[in-house]
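J.: have a look; sequence and predicted model below, questions after that.
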Amino acid sequence: MSGLFSFKPFWRERDLASSYDVVIIGGGAHGLATAYELTKRGITNVAVLEMNYIGAGGSGRNTTILRANYKTPEGIAFYGESLKIYQQLSQELDFNLLISKHGHLTLAHSERSVAVQRERAEANQLMGVDSRWVEPDEVGRLCPQLNMSREVAYPIQGALYHPPGAVIRHDAVVWGYARKADAGGVHIHQGVEVTGLKIENGRCVGVETNRGPIAAGTVMSAVAGWTSMITDMAGIEMPLTNHPLQAFVTEPVKPLLSKIIVSAGLHVYISQTDRGEFLIGAEVEPYPTYSNKGTFPFIEYASRHVLELLPQLHATKILRHWTGLCDMSPDYSPIMGLTELDGFLVDCGWGTYGFKAAPIVGVTLAELIAKGKTPELIEPFKLDRFYTDTLVSEAAAAAVSH
């Protein structure tokens with residue numbers, strides 16, 4: 001190959017085989033983590049198929065925040081385990097992922113938001129996750145850069161403080177998993193697009209691609225915003241809608257902000273990168289689309305809200321702006337595991353939470369593939385919860401999308 005797909009510093013280019021034990025569709029952090037975890041369980045005849053380049057989707061477009069301060073017991077347990085793995089993942093992968101713990105503040109600007117953040121703090125503590133409610137004076141001490149004035153439209157009334165909140169280099173996570181998976185024998189193929197599923201007697205037995213058919217014992221879809229395109233091939237209706245999520249970074253400035261800031265009322269979040277850029281995002285857009293095109297109104301309202309919290313940034317220039325796609329489920333929780341089509345698994349519905357979950361997704365889905373039994377940790381996130389009315393509502397687990 002040439003051009004976009006020719007740069008492969010951490011994994012080998014291999015011939016595309018006609019058959020694998022496991023085919024994973026999607027070369028992002030989830031697919032690669034699962035492939036790596038399969039090798040640890042002795043399953044090495046695995047292919048990861050990516051229609052673009054490794055990390056081209058949400059894994060390379062997210063805003064790198066790691067946290068476990070969710071709302072439901074199911075979500076707290078799940079993301080808590082993922083954060084634990086992330087904290088030692090550099091050592092496991094023997095790859096510097098540039099993880100940096102800052103602490104995470106979810107600001108409250110109204111009585112209702114105060115109640116929600118207090119509830120989350122108590123739920124987190126009951127589940128063993130380090131989070132607590134802090135009053136405005138402590139918010140000011142933790143993050144003196146914030147505008148704590150009472151003479152503003154939405155004064156800060158306190159915050160949910162999550163000390164383990166961190167950021168990490170998203171590209172490094174993808175590359176680290178890819179390198180380790182490759183070392184374990186996994187075939188990583190870029191520029192291979194799945195065009196159909198091979199189904200025989202009610203079982204998925206392989207995939208059709210732009211480079212020919214591939215037989216497989218198990219097929220797993222981990223393609224985030226493109227999930228419905230794959231599940232349509234399987235005849236499975238997924239309760240998903242796609243929404244764009246935008247973010248931007250400013251020009252680099254001297255280190256100023258030591259915490260990750262999320263505003264529940266202003267719907268904006270802010271962190272400063274190691275290079276000095278301010279990374280800023282907001283809520284998903286309300287309209288469904290497959291477009292990655294950014295919009296000026298996002299820049300306008302996100303900038304306005306940032307300046308309400310950090311007015312000292314008023315002269316800072318915007319450097320870069322981008323968009324990704326979020327596959328949203330009705331209860332804002334992921335959909336993982338078995339489907340009505342035997343031999344076909346899904347990993348989708350992550351909305352804005354997917355990057356935080358990559359390590360534990362790899363562990364649990366590899367265990368499911370290897371043992372044929374759904375791990376207890378992801379049992380609540382099965383597809384059939386939408387038929388049994390056992391939803392896991394994480395709608396208030398993030399003040400904004402991050």
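T.: Here it is on my side, so go on.
J.: so for the residue located most distally from the centre of the chain, what's the pLDDT?
T.: The centre of the chain is farthest from one residue, residue 151, which by C-alpha atoms, centre = their mean lies 36.5 Å away. Looking at residue 151, its pLDDT is 93.
J.: roughly how far does it sit from residue 137?
T.: 17 Å (C-beta to C-beta, to the nearest Å). For glycine as for every other residue, the C-beta is placed from the backbone atoms N, C-alpha and C.
J.: then residue 371?
T.: For residue 371, the distance to residue 137 equals 51 Å [C-beta to C-beta].
J.: helix or strand: which one has residue 218?
T.: strand 212-221 (DSSP states H and E).
J.: the next helix or strand after that strand to strand 212-221, inter-axis angle?
T.: Note on strand 212-221: by DSSP H and E, the next helix or strand toward the C-terminus is helix 227-234. Angle, helix 227-234 to strand 212-221, by axes from the mean of the first three to the mean of the last three C-alpha atoms, to 10 degrees: 120 degrees.
J.: pLDDT (mean, whole number) over helix 227-234?
T.: 97.
J.: report the strands that pair with the following helix or strand past that helix, each with its relative direction.
T.: Per DSSP H and E, helix 227-234 leads on to strand 241-250 as the next helix or strand towards the C-terminus. Using DSSP bridges, strand 241-250 pairs in its sheet with strand 278-282 (antiparallel), strand 318-328 (antiparallel).
J.: any idea how far the next helix or strand after the first one is from the chain center?
T.: Right, the one you point to is strand 278-282. As assigned by DSSP H and E, the chain's next helix or strand after strand 278-282 is helix 296-309. The chain centre lies 23 Å from the centre of helix 296-309; the measure is C-alpha atoms, centre = their mean, to the nearest Å.
J.: who touches helix 296-309?
T.: For helix 296-309, the surrounding residues in contact (C-beta atoms under 8 Å, 6 or more residues apart in numbering) are 107, 146-147, 152-154, 246, 248, 261, 263, 266-268, 270, 278, 280-282, 285, 313-314, 318, 321.
J.: quick one: buried residues of the lengthiest helix in the chain?
T.: Longest helix in the chain, counting residues (DSSP state H): helix 73-93. The neighbour-count check on helix 73-93 (16 or more other C-beta atoms under 10 Å) flags 74-83, 86-87, 89-90, 93 as buried.
J.: relative to residue 19, which of the residues you listed is nearest.
T.: Distances from residue 19 to those, taken as C-beta to C-beta, are shortest for residue 93 (28.2 Å).
J.: which one is that closest one nearest to, not counting chain neighbours?
T.: Nearest non-adjacent residue to residue 93, counting by C-beta to C-beta, 6 or more residues apart in numbering: residue 176, 3.9 Å away.
J.: neighbours of the one you found, how many?
T.: Using other C-beta atoms under 10 Å, the number of residues around residue 176 comes to 24.
J.: so what does the helix or strand that contains it touch, helix or strand wise?
T.: For residue 176, the enclosing helix or strand under DSSP H and E is helix 170-183. If you count contacts as 3 or more C-beta pairs under 8 Å, 6 or more residues apart in numbering; DSSP states H and E, helix 170-183 packs onto helix 29-40, helix 73-93, strand 187-190, helix 354-371.
J.: can we see that at 10 Å?
T.: Applying 3 or more C-beta pairs under 10 Å, 6 or more residues apart in numbering; DSSP states H and E, one finds that helix 170-183 contacts helix 29-40, strand 46-50, helix 73-93, strand 187-190, helix 354-371.
J.: do you know how far the residue farthest from the centre of the chain is from residue 308?
T.: Residue 151 is 12 Å from residue 308, by C-beta to C-beta.
J.: likewise for residue 228?
T.: Counting by C-beta to C-beta, the gap from residue 228 to residue 308 is 37 Å.
J.: what of residue 274?
T.: Taken as C-beta to C-beta, the span from residue 274 to residue 308 is 26 Å.
J.: just want to know which of those two has more residues nearby.
T.: More crowded of residue 274 and residue 308, by other C-beta under 10 Å: residue 308, with 17 against 11.
J.: now do that one, the pLDDT please.
T.: 96.
J.: from residue 158, how far out is it?
T.: Residue 308 is 17 Å from residue 158, by C-beta to C-beta.
J.: mean confidence for stretch 278-288?
T.: For stretch 278-288, mean pLDDT is 93.
J.: for the stretch 1-150 of the chain, which segments count as helices?
T.: 29-40, 73-93, 111-126, 136-142 (DSSP state H, counting those that start in this stretch).
J.: and those helices as JSON lines, adding distance to residue 52 and mean pLDDT?
T.: As requested, the helices of the stretch 1-150 of the chain are exported to JSON lines (distance: least, C-beta to C-beta, whole Å; pLDDT from 0 to 100):
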{"stretch": "helix 29-40", "distance to residue 52": "12", "mean pLDDT": "98"}
{"stretch": "helix 73-93", "distance to residue 52": "23", "mean pLDDT": "98"}
{"stretch": "helix 111-126", "distance to residue 52": "36", "mean pLDDT": "96"}
{"stretch": "helix 136-142", "distance to residue 52": "40", "mean pLDDT": "98"}
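J.: doesn't residue 170 make contact with residue 324?
T.: No: with contact defined as C-beta atoms under 10 Å, residue 324 does not reach residue 170; the gap is 11.0 Å.
J.: which of the residues in stretch 304-316 are buried?
T.: Under 16+ other C-beta under 10 Å, the buried positions of stretch 304-316 are 305-306, 308-310, 313, 316.
J.: follow-up on the earlier one: what lines up beside the strand holding residue 218 in the sheet?
T.: If you go by DSSP bridges, strand 212-221 pairs up with strand 19-25 (parallel), strand 203-209 (antiparallel), strand 344-348 (parallel).
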